[in-house]
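**Q** only the shape, not the letters, is given here:
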């Protein structure tokens, strides 16, 4: 008979692929780093995992996973008829699945650069002018004639400071108010919520593609319902075409009792009015996806059922 902890996993994880991945981790059948980082060395070490699960009652677990189901419905991806997706950037963290830039898309914004910017560099090599914003670094990690770095963090209009830029200021500074086909990649560690909450429809419609890393999407966060409403606001103008969970949050969420769930989602959108769509029947992660942390398993979301 399987040990108790493995049976707990089997009971709580309906997705077979994920269940087998996690079971292998717990039983030590692979060398994934997550086993070490979770301090899972022997069977007796699984006491903390059982205690983590006991932090939430069965009622709370059902309620929270139902909330995740609501989230996934808001993020339901669709296929753009006649156009295939590609991956741009690195194989792991810093790479994103999106539509290939078309001839009208000559400008990209990259909000949140950090120490690596493989997506920015590849877009620059494709001929797009990429405007980078990050106030946490002094210089960009890459040099290219099409890369333009600005040492500013991104803010919403309501919390702008002298060292930040909001979207209106960026349009003013770059004289981009007339542009209608900008590609936006944004990974700003939680500040994206205020940014999209306050952005005006005329401004968000200037973006033909959005590649967003959404943070803090756990039902245990008191802001979860507010964040769902912001996601619904974005979906009024833009349609998701790809969804991927960032597995760097796997350990943190497991310790809260949200078993093998990550609360950061990489979601790619296109402007709805530009395309005709059909249901996306892929199982996620897809062949274009790889784990953000290559030493940990990717997190299967599975397939969205047809409506």
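**A** Done, it's in. It should be emphasised that the depicted structure is a prediction, and the values quoted were computed from it without experimental measurement.

**Q** contacts and neighbour counts: CA atoms only from here.
**A** OK.

**Q** burial count for residue 273?
**A** By other CA atoms under 10 Å, the residues close to residue 273 number 11.

**Q** I should have written residue 68 there, sorry.
**A** 18.

**Q** if I look at the nearest residue to it once chain neighbours are set aside, how far off is residue 144?
**A** Residue nearest to residue 68 in three dimensions, not counting chain neighbours: residue 219, with 7.1 Å by CA to CA, 6 or more residues apart in numbering. From residue 219 over to residue 144 the distance is 42 Å, taken as CA to CA, to the nearest Å.

**Q** do the same with residue 150
**A** Remark: distance between residue 150 and residue 144 (CA to CA) = 14 Å.

**Q** between these two, which one's more packed in?
**A** More neighbours surround residue 150 than the other of residue 150 and residue 144, with 17 against 12 (other CA under 10 Å).

**Q** what residues are up against the closest residue to that one other than its chain neighbours?
**A** With CA to CA, 6+ apart as the criterion, residue 150 has its nearest non-adjacent residue at 4.9 Å, and that residue is residue 133. Contacts for residue 133 (CA atoms under 8 Å, 6 or more residues apart in numbering) come out as 109, 110, 111, 112, 113, 149, 150, 151, 152, 153, 154.

**Q** put together a markdown table for those residues, with secondary structure on each row.
**A** Formatted as a markdown table, the contacts of residue 133 follow (DSSP: H, G, I helix; E, B strand; the rest coil):
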| residue | secondary structure |
| --- | --- |
| 109 | strand |
| 110 | strand |
| 111 | strand |
| 112 | coil |
| 113 | coil |
| 149 | strand |
| 150 | strand |
| 151 | coil |
| 152 | coil |
| 153 | strand |
| 154 | strand |
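
**Q** what part of the protein, helix or strand, is modelled with the least confidence?
**A** Least confident helix or strand, the chain: helix 33-37 with a mean of 47, by mean pLDDT, DSSP states H and E.

**Q** okay, helices next: where are they in this structure?
**A** Applying DSSP state H to the chain gives helices spanning 4-12, 16-27, 33-37, 47-54, 58-74, 118-125, 167-174, 192-198, 201-204, 224-235, 250-255.

**Q** what about residue 101, distance to residue 129?
**A** Distance from residue 101 to residue 129, by CA to CA: 12 Å.

**Q** one more: residue 118?
**A** Per CA to CA, residue 118 is found 14 Å from residue 129.

**Q** and what of residue 241?
**A** Residue 241 is 24 Å from residue 129, by CA to CA.

**Q** show me the beta-bridge partners of residue 108.
**A** Bridge pairing for residue 108 (DSSP bridges) gives the partners residue 130, residue 183.

**Q** quick one: contacts for it?
**A** By CA under 8 Å, 6+ apart, the contact set of residue 108 is 123, 128, 129, 130, 131, 182, 183, 184, 185.

**Q** so the third one touches residue 122, yeah?
**A** The reference is to residue 129. No: Residue 129 lies out of contact with residue 122 (CA atoms under 8 Å); the separation is 10.9 Å.

**Q** would you map out the domains in this structure?
**A** 4-54, 69-302 (automatic domain parsing).

**Q** can you lay out these as CSV showing distance to residue 63?
**A** CSV is the format used below for the domains of the chain (distance: least, CA to CA, whole Å):
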stretch, distance to residue 63
domain 4-54, 14
domain 69-302, 9
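
**Q** hmm, residue 72 and residue 232 touching each other?
**A** No: under the criterion of CA under 8 Å, residue 232 is not in contact with residue 72, lying 11.5 Å apart.
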